[in-house]
Structures are given as C-alpha cells and as structure tokens.
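Undergrad: I need the structure of the sequence given here:
(one chain, ligands or ions: 2)
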Amino acid sequence: MSETKALAASEMYFLSPFLPPGARNPATGAEAPRPVVDSAKDEKLPFVTLTYAQSLDGMIAFAPGQRTTISGPETKSMTHFLRYQHDAILVGVGTAVADDPALNCRYPGATINDQPRPVVVDPNLRFQLARSQMAKLRHEDKGKGPWLITRPKSLDSPLDSNCQIIRWTDPMPKYTDNAVSNDPIFWRSILEALKHKGINSVMIEGGASVIKDLLRLPELVDSIIITMAPTFIGQGGVSIAPRRPPKAEQNVASLNPVAYHKFGKDMVIAGRPYFPLPPSMPLTLNPKKTLDETQEK
Ligand SMILES: NC(=O)C1=CN([C@@H]2O[C@H](COP(=O)(O)OP(=O)(O)OC[C@H]3O[C@@H](n4cnc5c(N)ncnc54)[C@H](O)[C@@H]3O)[C@@H](O)[C@H]2O)C=CC1
Ligand SMILES: Nc1nc(O)c(N)c(N[C@@H]2O[C@H](COP(=O)(O)O)[C@@H](O)[C@H]2O)n1
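TA: Numbering: from 1, shown residues only. Ligands and ions are numbered 1, 2, ... in the order given. Sure, this is the predicted structure:
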C-alpha cells in the first residue's frame, strides 16, 4: 500500500492560495487557482514556503536531535503534495543529522521528474552525505542529488556526481579555511543563490533553529503552513518560539490572511506572514561576491 494518498479536491482548494505560482493538481495537471491579491515578489528570490508539524505546546520534537513523528497520515499526504509543488526542500544540518530524512516526494504517481532538490544548510560539513538516505535514494532514482550550502572546507571524500556544494565565503572572514564557524550565513544570500541556480520555489521544513530564524525574516517568506497535532510534548521538547527583541510590545509574527483545515486528527493552519514589527534590516552585503558554487565529482 502507498505511504501517502492523493488529496481530496477540498484539501487542494484549501491549500491553493498558499502554493507557489504554477502549482498543479498532480492527477489532472490542472493549475491551482491563484489568490486574488498575489504577493509583490522580489524577482531575485524563490517563492518560500515555511512548513512544519508542531504539538499544541509549540514543540517540533520530543528532545533535541530526536526524530519525532508528530503529524498523522493525512497530513503526511499533504506534506508530499507540497513537496510535489516545490523545486527544492531545504533543512538545516541539525535536521539532516537527527532525522537522516529522505526529502523526496512520495505522492501517488510522482516520478523522478517531479522530485524536489534536497538542500541542506551545513556550514561546517557535519552531514555524512555518502551514507545518507538522500544519497541512497538518488542512486535508486527515487530522488535528486542533494546540494549542501557550506563554508569553504576541504572534503574528506569526493562527492557523488549528482550532489553539489554551494560555497559561502564570509564577507569578512574571521577564520581560516577548515576552521569551524558558527556565524550565520545570510538567509537572503542562501535564497538568492538557489534562485540563481534555477530554483523558483523552496519548501523549508526546519528544524527549530531554521524556523526561529525565518519567523523573524518576513520579507523572505511567502507562505507558512503549520500542522498542529492534538498532543502536548511537554517541557524538554524542541520549541520553535522565535526570539523577541528586548522590550518589544507586539507579537513577533502573525498570519494574515489565514485559513484552517482539518486533515484526519490534525489541524492545518495556512497563511501569509504578517509582521507588525518593521521588517528586519536587509542582510545582504554583496551576495554575488560571497556565494559561489563548485561541482565536485
Ligand atoms: N516536526 C517537524 O516538522 C520537524 C522537526 N524537526 C526536528 O528539529 C530538530 C532539529 O532542529 P535543530 O537542531 O534546531 O536543527 P536545524 O535543522 O534547524 O539545523 C540547525 C543547524 O543548521 C545550520 N544552519 C541553519 N541555518 C543556518 C544559517 N543561516 N547559517 C549558518 N548555518 C545555519 C547550523 O549549523 C545550525 O546549527 C530535530 O529534532 C528534527 O527532528 C525538523 C524538521 C521538521
Ligand atoms: N510533516 C511532518 N510531520 C512530522 O511529524 C515530522 N516529524 C516532520 N518532519 C520533517 O519531515 C522530514 C522527514 O522526511 P522524510 O519522510 O524522511 O522524507 C524531517 O526531516 C522533517 O523535515 N514533518
């Protein structure tokens, strides 16, 4: 039996205002209706969907670094429908190491041509790509070769020919090559680099640190689709609550417009990010000069 089921028409209709341009019904090829008011889009950026599954107490995993099933089978089908609609799926290296995810599309009828590109933000090359599920699926033609976004660092072993490294060079490097650095890579630069490589839509699935960052960067996110599972994980779980600036008197972020739909026992909330705080300062210094790519065979 298939791991996922085709969505009902009502479920696709609910999601359609929050999908990237050109989204289609996988069964019929019909294009999803576009919202009346579309977002004014920076042409250098891909369409960005932030999506994750959380408990009622706002946790996305039972404990740090622990793969945790939160959502039910119906929302799993929704996740694979969303994967079908995007050119890439991005996660942080914390998720790649903890979950060893497949990050492919297992929607009924999806072929290799429908697969999104897996992308891992891995600045210090922690992820053991060669032994990963993603590499295995690529060899079986069930997924595309992943791309890693990293700082300059020599590779311990050569990469598979269908995998790529997108290198980030700090504008003002504090460290020598191969030193571990925990400084952030600018999100705008990451997204611009993906767009430059032909990625027009990216679904960002987590983990916690990635979600917390992006909830503070409204100008970069087009849609947020959250699965709420009817469960409480409790203290010690991994929270996605974003940092609030000191003395802030407003919420960090809201969704407006917003829509709700029940999938099995889960509730899905979908919306466009609406941020009452002024948008964060532009984070690009000169991305064209700071990101370059090399294909390693
Ligand atoms: N319930 C859900 O929907 C999901 C749950 N998870 C869970 O989340 C947990 C992992 O979360 P985290 O540990 O927070 O890891 P993460 O996946 O957010 O990765 C964080 C790491 O990625 C790198 N990184 C991310 N953004 C960066 C940037 N802008 N610049 C430089 N480096 C950057 C850094 O090395 C950072 O330490 C796991 O337990 C996983 O199972 C992950 C995805 C979805
Ligand atoms: N939708 C959803 N529900 C959950 O309960 C989850 N834990 C996640 N996690 C995300 O899905 C990735 C796993 O993907 P594969 O099934 O291995 O392709 C995981 O890494 C998280 O990004 N999502």
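Undergrad: can you list the residues of this protein near ligand 1?
TA: 52-53, 60-61, 64-68, 70, 91-95, 98-99, 121, 123, 184-185, 187, 205-210, 213, 238 (CB under 6 Å from any ligand atom). Quick note: C-beta positions are derived from backbone N, CA and C, even for glycine.
Undergrad: mind redoing it with 5 Å?
TA: 52-53, 60-61, 67, 70, 92-95, 98-99, 121, 123, 184-185, 205-210 (CB under 5 Å from any ligand atom).
Undergrad: who touches the residue lying closest to Gly22 once chain neighbours are set aside in this structure?
TA: With sequence-adjacent residues excluded and distances taken as CB to CB, 6 or more residues apart in numbering, Gly22 is closest to Glu31, at 6.9 Å. Glu31 makes contact with Gly22, Ala23, Arg24, according to CB atoms under 8 Å, 6 or more residues apart in numbering.
Undergrad: briefly note if stretch 56-70 comes near ligand 2.
TA: Yes - using CB under 5 Å from any ligand atom, stretch 56-70 reaches ligand 2 at Thr69, Ile70.
Undergrad: need the CA coordinates for that stretch. PDB is fine.
TA: The C-alpha atoms that make up stretch 56-70 are tabulated as PDB, following Å, rounded to 0.1, in the frame of the first residue of the first chain:
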ATOM      1  CA  LEU A  56      -0.200  22.100  20.900                       C
ATOM      2  CA  ASP A  57       2.600  23.400  23.200                       C
ATOM      3  CA  GLY A  58       4.600  24.500  20.200                       C
ATOM      4  CA  MET A  59       7.200  21.800  20.100                       C
ATOM      5  CA  ILE A  60       8.500  20.100  16.900                       C
ATOM      6  CA  ALA A  61      10.500  17.200  18.500                       C
ATOM      7  CA  PHE A  62      10.500  15.200  21.800                       C
ATOM      8  CA  ALA A  63      14.100  16.200  22.500                       C
ATOM      9  CA  PRO A  64      17.000  17.900  20.700                       C
ATOM     10  CA  GLY A  65      18.300  15.800  17.900                       C
ATOM     11  CA  GLN A  66      15.500  13.300  18.100                       C
ATOM     12  CA  ARG A  67      13.400  12.300  15.100                       C
ATOM     13  CA  THR A  68       9.800  12.500  16.300                       C
ATOM     14  CA  THR A  69       6.600  11.700  14.500                       C
ATOM     15  CA  ILE A  70       4.100  14.400  15.300                       C
END
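Undergrad: average pLDDT for it?
TA: Here stretch 56-70 scores 96 as its mean pLDDT.
Undergrad: okay, buried residues for that stretch please.
TA: Across stretch 56-70, burial judged by 16 or more other CB atoms under 10 Å covers Met59, Ile60, Ala61, Phe62, Thr68, Ile70.
Undergrad: run the chain-centre distance for that stretch.
TA: Distance of stretch 56-70 from its chain centroid, counting by CA atoms, centre = their mean, to the nearest Å, is 17 Å.
Undergrad: name the residues that touch it?
TA: 52-55, 94, 97-100, 206-208, 211, 227-234, 236-241.
Undergrad: among those residues, which are in strands?
TA: Secondary structure from DSSP state E places Tyr52, Ala53, Gln54, Gly206, Thr227, Met228, Val238, Ser239 of the contacts of stretch 56-70 in strands.
Undergrad: on that earlier part again, among the residues of the chain next to ligand 1, name the buried ones.
TA: Buried among the residues of the chain next to ligand 1 by 16+ other CB under 10 Å: 52-53, 60-61, 70, 92-95, 98-99, 121, 123, 185, 205-210.
Undergrad: what about those residues, which are in helices?
TA: Val93, Gly94, Thr95, Ala98, Asp99, Ala208, Ser209, Val210 (DSSP state H).
Undergrad: ligand 1: which of those is nearest?
TA: Gly94 (2.0 Å; CB to the nearest ligand atom).
Undergrad: quick one, what contacts the closest residue to the closest one other than its chain neighbours?
TA: Nearest residue to Gly94 in three dimensions, chain neighbours excluded: Gly207, at 5.0 Å (CB to CB, 6+ apart). For Gly207, the contacting residues are Ile60, Ala61, Val91, Gly92, Gly94, Thr95, Ala98, Val238, by CB under 8 Å, 6+ apart.
Undergrad: and the residue most central in space within the chain, how far from Ile224?
TA: For the chain, the residue sitting closest to the mean C-alpha position, by CA atoms, centre = their mean, is Ile204 at 1.0 Å. In this view, Ile204 and Ile224 are 10 Å apart by CB to CB, to the nearest Å.
Undergrad: and what of Phe14?
TA: Distance, Phe14 to Ile224, by CB to CB: 14 Å.
Undergrad: low-scoring stretches of the stretch 101-250 of the chain, by residue?
TA: 152-162, 170-179 (pLDDT under 70).
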